[in-house]
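Asks: The amino acid sequence is not available; the structure is as follows:
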């Protein structure tokens, strides 16, 4: 199963951007696994002086973006866990811009952020490896829209790809 095989009833129009960004012809688990060294190597090749650079007033730094990807992955895996266990409780959205001022990413070393990212991604891969085909198809409601567990996995991959592209285009 690759991202383009998903049914459009498995995700919202908003998440279609991330689904499309994840569609590199890779299976879900391969995309998640390959994303780990991709992000780590990408960030390690960024000059240190660029890590706290903002391309415009009020924009996030690269460190902010890395921590945002960590936070978002945690939230999305939590959603996937609840839905995969048959929980029908609608899950709330979150306002990403409210998280950044309280995350203090720029007071951390990039090594600390990458270590946390590696731990989160390994846990994400382990979680998705534990799911059977039926669980991947379970549907739930998050941020007021219907979403499948497998769509969440592709959204995680696409979200990362999206931000790596933004960093390349606007920060480097």
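Replies: That came through, no problem. On a predicted model such as this, the values are computed, not experimentally measured, just so you know.
Asks: Residue 65 is in contact with residue 168, isn't it?
Replies: No - Residue 65 is beyond contact range of residue 168, at 11.6 Å (criterion: C-beta atoms under 8 Å). For every residue, glycine as well, the C-beta is placed using N, CA and C.
Asks: Isn't residue 124 up against residue 73?
Replies: Yes - counting by C-beta under 8 Å, residue 124 touches residue 73, with 6.0 Å between them.
Asks: Find residues that contact each of those two.
Replies: residue 156 (C-beta atoms under 8 Å, 6 or more residues apart in numbering).
Asks: ok, residue 159 - contacts?
Replies: Counting by C-beta under 8 Å, 6+ apart, residue 159 touches 18, 21, 69, 72-73, 76.
Asks: again with residue 161
Replies: Applying C-beta under 8 Å, 6+ apart to residue 161 gives the contacts 21-22, 24, 35.
Asks: Just the element for it, please.
Replies: Assessed by DSSP states H and E, residue 161 sits inside helix 149-170.
Asks: Let me see the ranges of the strands in this structure.
Replies: Along the chain, counting by DSSP state E, strands occupy 139-142, 145-148.
Asks: So for residue 158, which of these sits nearest?
Replies: Closest to residue 158 of the strands of the chain is strand 145-148 (C-beta to C-beta; 13.1 Å).
Asks: Name the residues of the closest one that come out as buried.
Replies: Neighbour-count burial for strand 145-148 flags 147-148 (criterion: 16 or more other C-beta atoms under 10 Å).
Asks: Could you do stretch 102-117 as well?
Replies: Neighbour count says stretch 102-117 has 103, 105, 110, 113-114, 117 buried, by 16+ other C-beta under 10 Å.
Asks: Pretty sure residue 81 sits against residue 124.
Replies: No - Residue 81 lies out of contact with residue 124 (C-beta under 8 Å); the separation is 10.5 Å.
Asks: And the helices in the chain?
Replies: With DSSP state H as the criterion, the chain has helices at 13-22, 28-44, 62-84, 96-103, 110-130, 133-137, 149-170.
Asks: now the ones you listed in TSV, with distance to residue 4 and mean pLDDT?
Replies: Converted to TSV, the helices of the chain look like this (distance: least, C-beta to C-beta, whole Å; pLDDT from 0 to 100):
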stretch	distance to residue 4	mean pLDDT
helix 13-22	8	93
helix 28-44	12	97
helix 62-84	20	98
helix 96-103	26	94
helix 110-130	18	98
helix 133-137	16	97
helix 149-170	10	97
